[in-house]
Structures are given as C-alpha cells and as structure tokens.
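**Q** Sharing a model prediction with you, sequence too.
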Amino acid sequence: MPPPCSRCASQRIINLETTRKLGTAVGALAGSLRGAYASLYSPGRLLVASTQFPLSRVATAVVAATTGGIAGATAGNQMIQSLFPPGEGTPWLCLGCGHAFRVID
C-alpha cells in the first residue's frame, strides 16, 4: 500500500523505481521499432520489381533496431531519473500535486 502524499495527503501516487523500469522498457521498444521501420522503409536503394526481400536489409534493420533500442532506453531512463528527489528511501511521485518525495522503509 503506497503512503499518502506528504504535501496534499492524496492517495494517487506512483513508485518512481517502477516507473523508471517501465520508462526504460518502453523507450527501448519505441527506439527499436523506430530504428527498424526507418531502415526498412527508407526511400533509398529500393529494388524495382523484385519478388524477394533482400536479406541485407534485414541485417540493417536488426542493427538499426538495436541501436535505436539502446538510445530509447537511455532516453526513457534519463527522463524518469530527472524526477527522482535527492536522498535515501523509496521514491514516490504524487499524481495530484506533482510532489516527489522519499519514504524510508
């Protein structure tokens, strides 16, 4: 059970550690999808009237998805990390007033 907000006593708060993990995962997924899509559907070097999909583009898509995933995970982690209050304990964020605080367990 999350503690109430120390500023407004609201019960609508989220754990920032869980949010950081979720932000990292979502950032990695979004970066991977964007990298793969951009490399597969780029307008350059399209084969005319080809019935087979070139395997070199698959390798390029895998590399682009990997690098995009790493960049997305880093961006997602940094966005949530900026919300963390200084100090020790479990970080919480109130959705009612936006106050970030820590509770020592």
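**A** The structure has been received and is ready for your questions. Numbering: from 1, shown residues only.

**Q** show me what contacts residue 17?
**A** By CB atoms under 8 Å, 6 or more residues apart in numbering, the contact list for residue 17 reads 90-91. Just so you know, the C-beta spots here come from the backbone N, C-alpha and C atoms, and that holds for glycine as well.

**Q** State the helix or strand in which it lies.
**A** helix 16-40 (DSSP states H and E).

**Q** Once you drop chain neighbours, what's closest to the residue nearest the centre of the chain?
**A** Ranked by distance to the mean C-alpha position of the chain (CA atoms, centre = their mean), the top residue is residue 27 at 2.4 Å. With CB to CB, 6 or more residues apart in numbering as the criterion, residue 27 has its nearest non-adjacent residue at 2.5 Å, and that residue is residue 76.

**Q** residues in contact with residue 100?
**A** Contacts for residue 100 (CB under 8 Å, 6+ apart) come out as 16, 83-85, 91-94.

**Q** what's it sitting at in phi/psi?
**A** phi -100, psi 130 (degrees, to the nearest 10).

**Q** List the beta-bridge partners for it.
**A** On the basis of DSSP bridges, residue 100 is bridged to residue 93.

**Q** which secondary element of the chain has the worst mean pLDDT?
**A** helix 55-81 (a mean of 87; mean pLDDT, DSSP states H and E).

**Q** Compute the distance from the centre of that one to the centre of its chain.
**A** Relative to its parent chain, helix 55-81 has a centroid offset of 11 Å by CA atoms, centre = their mean, to the nearest Å.
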